[in-house]
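**Student:** need a 3D model of the sequence below.
(2 chains)
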Number of protein chains: 2
Amino acid sequence: MKFSRLLIPTTKETPNDATLPSHQFLIRGGFINQQGSGLYNYLPLGKIVLEKIRAIVKDELDKAGCNEVQLSFVTPLGFWEKSGRADTMGKEMLRIQDRHQNDFVLSPTNEEAMVELVKNRVKSYKDLPINLYQINTKFRDEARPRFGLLRGREFLMKDGYSFHANKEDMEREFDLMETTYKKIFTRLGLDFRVVKADSGAIGGSGSKEFHVLANSGEDTILVCEDCEYGANIETVYENDDEVDTLNELSYEQLQSKEVTQKCSCGGKLYFKKGIEVGHIFQLGDKYSSALDAKFQDENGKPKAFEMATFGIGVSRLVASVIEQNHDEYGSIWTPSTTPYMVDVIVSNAKKENELETGAKIYEELQQNNISTILDDRKEKKHTYGFKMGDFKLIGFPYAIVVGKKLSDGLVEVVNRKTLESTEVTLDKIVEYIKELVK
Amino acid sequence: MKFSRLLIPTTKETPNDATLPSHQFLIRGGFINQQGSGLYNYLPLGKIVLEKIRAIVKDELDKAGCNEVQLSFVTPLGFWEKSGRADTMGKEMLRIQDRHQNDFVLSPTNEEAMVELVKNRVKSYKDLPINLYQINTKFRDEARPRFGLLRGREFLMKDGYSFHANKEDMEREFDLMETTYKKIFTRLGLDFRVVKADSGAIGGSGSKEFHVLANSGEDTILVCEDCEYGANIETVYENDDEVDTLNELSYEQLQSKEVTQKCSCGGKLYFKKGIEVGHIFQLGDKYSSALDAKFQDENGKPKAFEMATFGIGVSRLVASVIEQNHDEYGSIWTPSTTPYMVDVIVSNAKKENELETGAKIYEELQQNNISTILDDRKEKKHTYGFKMGDFKLIGFPYAIVVGKKLSDGLVEVVNRKTLESTEVTLDKIVEYIKELVK
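**Tutor:** As a prediction, the model looks like this:
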């Protein structure tokens, strides 16, 4: 793709309400813009990132045997009355009325709708298990939307729901989804922890959260130095005041706090800040019973489905990647989430030899299946410094600078993360990049 | 994919309100289900079809240089007040209020939001033209939702908006989009006509519709026997009563009607029924002026953008394929829209040699990049007749039946469209199918 053909409105202006790096850099880098309180548009670069994350989530779920569906975003309030959640969901669930004064809801989640879908369509234990998911728009009417994509009102969520003949099979799927989620977050290039979200019975937790570690995270979690898992502080401290106090502390303040509690494995615990990007939850028959959704068991008797539910905040992940990967200049995308792997910067696109050389490198990289963007912009303001600033702000993993040294047969490769630059001869540049990104 | 691992709840029951073939067969074939009036869920097969259509639309638009974005579905009512459409859109535009009593709209279209997005971000004639599109949820609160996916309330639409420095460039893009739309509908395997939607000035029409020809179509169009284009009857008959009368006639009744009017090229016109699946429209500066969206022209002066808008009914296309391609038994998908190209039917999956042979063919076809589903279902009810019924109802282009003739080294290939079957020897089956689908 050529820079000149893509709408990438980078800016130096930071919105007043943007306190977090992801919020600032996603807006300043031309990835998103705000359309209203908690409502965001994805501009071309943001849409590419969103779709890359969506594709990885879909790929791993499909490999694990899940079925993709897509539910209507507007759901009848009647569904929520049957489950009792019409009363308990509060104002975050936005109720609407159509022209005939019928009541609907902008879906904040879809347990009820998914149970209604499965009801009378999955009839026998022989048809089980089944795990249905969608990656679809959700709406939660937050009282105080903030932090850009981290706490918007309209957002993209992957919500999955599995149906089973018995608890054992549901627990098997729960474990499979934990494994699948780990694969997803690993492929996204994220440093994350699986966190017990409730104290649970011996032998396992019925609710686990997946947190991306980031100093700016909203949640405080305890991480064990010996074993793999962490714990939400609510599961460690029984005193609510203590939990609230800890949650108020900044990352830096938490680092100096001593932890007296021990991990259940006996290991030492220390504090981290995390952003919740996934949650898996054993539901049992709560919704299937409430909505009278039953199957015939092996004895021919009707039985309510055992269920589990699995969520991933897809649009939230866009911001989480940046909360974990940025510096003072801008975003630093991971290889699997970056809109393009290489930014070929033509220092002065009015110079024909620079533009031609840049275009040639760009085409060769593309032929080698390395996603590349060519910064061919040629207005007066598009100086080398301007383009390098955009590279650092947007955060492509690598830049190739075609500039002054071209007469010596040299181009410069800049690593966005380290900001180190290396001179490479023109005839070696494609091989050099192939080696870097493999 | 294996049939046994995918939720495909085929049924013999036709909903009372389903009068059209696409509505009946999409529900009976397990592609969609109704969640509320005009609200549909996509089950796994329906979701695959929807995504195949979406991917073709995206691919051709990207090739034509358009930029994909994604706007918030919930838009501030304020946008619509600025353009004046808050007053003119009527009840189809559903207004909602959030918890703070702020007014919003479930987007029925996005001219205003897209102008707001471009405003102050595209500043100079040097940044033009730009064509931004999204494939996103829309909502129109139809008074009487009907015909399944053809006139739902929540639907998936591709809406594109282009911005230009002058009218000539806008007309160039309009023509490019006409060409692009033709490529899209051709790739989808549809018989369609481009139809002038207004009488227009000499030298071109400012509004063109794309109609999929289908006897059940809601629109009556005139097609010329000599030239390529058709015309909406409203552009040919000036008398509204006459237009209304014609619109009431069935396809069969229309065939016996004589047409006295001539095409502008002089050719003879005849009636067809069509389903509108695309619309391209020259907007001029209507919205950019109303929303004060300007760029600097070559003389440094502020000027409102010239605009055009381009729509495709993506979910409507799912139904349109079936309105044009079905028989008494069910759907007949086109090669580019079918969820799977080949259905390998194991007549009796309890017989090990049949199941093994079916599985082997299935794997070999997949290795040859031919998308295949294996009907490995093995309950008592899953007889040969049951599976063949599902094949005809669902509408995969080809079935391979592994059954009785296996002992003679033969399988049967069934063409869904013609229902002709051909015996093929086992060792030749993969080559035979490769030849068929290439």
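**Student:** ok, A:Ala231 - contacts?
**Tutor:** Applying C-beta atoms under 8 Å, 6 or more residues apart in numbering or on different chains to A:Ala231 gives the contacts A:195-196, A:221-222, A:224, A:263, A:269. Backbone N, C-alpha and C define where each C-beta goes, glycine included.
**Student:** next step: these restricted to strands.
**Tutor:** Counted as lying in strands by DSSP state E, out of the contacts of A:Ala231, are A:195-196, A:221-222, A:224, A:269.
**Student:** check contacts around the residue of the stretch 251-400 of chain A found nearest chain B.
**Tutor:** Residue of the stretch 251-400 of chain A nearest chain B, by C-beta to the nearest C-beta: A:Glu379 (6.2 Å). A:Glu379 makes contacts with B:Lys126, as judged by C-beta under 8 Å, 6+ apart.
**Student:** surely it forms part of a helix?
**Tutor:** No - using DSSP: H, G, I helix; E, B strand; the rest coil, the secondary structure at A:Glu379 is coil, not a helix.
**Student:** how about the helices in the stretch 151-300 of chain A?
**Tutor:** Using DSSP state H, counting those that start in this stretch, the helices found in the stretch 151-300 of chain A span residues A:167-187, A:233-236, A:240-248, A:251-255, A:286-290.
**Student:** the residue nearest to the spatial centre of chain A and A:Ile56, how far apart?
**Tutor:** In chain A, the centroid-proximal residue (C-alpha atoms, centre = their mean) is A:Leu317; its distance is 1.7 Å. Noted for A:Leu317: a distance of 9 Å to A:Ile56, by C-beta to C-beta, to the nearest Å.
**Student:** A:Gln24 now?
**Tutor:** A:Gln24 is 25 Å from A:Ile56, by C-beta to C-beta.
**Student:** equivalent analysis for A:Val413, please.
**Tutor:** A:Val413 is 27 Å from A:Ile56, by C-beta to C-beta.
**Student:** what does stretch A:293-303 rub up against?
**Tutor:** In contact with stretch A:293-303 (C-beta under 8 Å, 6+ apart) are residues A:115-116, A:118-119, A:122-125, A:127-128, A:165, A:287-288, A:304-305.
**Student:** in it, what's buried?
**Tutor:** A:293-295, A:303 (16 or more other C-beta atoms under 10 Å in any protein chain shown).
**Student:** do stretch A:413-423 as well
**Tutor:** A:413-414, A:416.
**Student:** between those, which is closest to A:Leu246?
**Tutor:** A:Arg416 (34.5 Å; C-beta to C-beta).
**Student:** and that closest one, how far from B:Phe310?
**Tutor:** 36 Å.
**Student:** kindly report the same for A:Ile361.
**Tutor:** Taking C-beta to C-beta, one finds A:Ile361 at 34 Å from B:Phe310.
**Student:** A:Lys63 too?
**Tutor:** Distance, A:Lys63 to B:Phe310, using C-beta to C-beta: 36 Å.
**Student:** do A:Ile221 as well
**Tutor:** Remark: distance between A:Ile221 and B:Phe310 (C-beta to C-beta) = 48 Å.
**Student:** thought A:Thr422 was touching A:Glu412?
**Tutor:** Yes - assessed by C-beta atoms under 8 Å, A:Thr422 is found in contact with A:Glu412 at 7.0 Å.
**Student:** phi first, then psi, for A:Arg140.
**Tutor:** phi -130, psi 120 (degrees, to the nearest 10).
**Student:** do the helix or strand encompassing A:Ala319 and chain B meet?
**Tutor:** In this assignment (DSSP states H and E), A:Ala319 forms part of helix A:314-324. No - figure legend: helix A:314-324 not in contact with chain B (C-beta under 8 Å from any C-beta of the partner chain); closest approach 9.7 Å.
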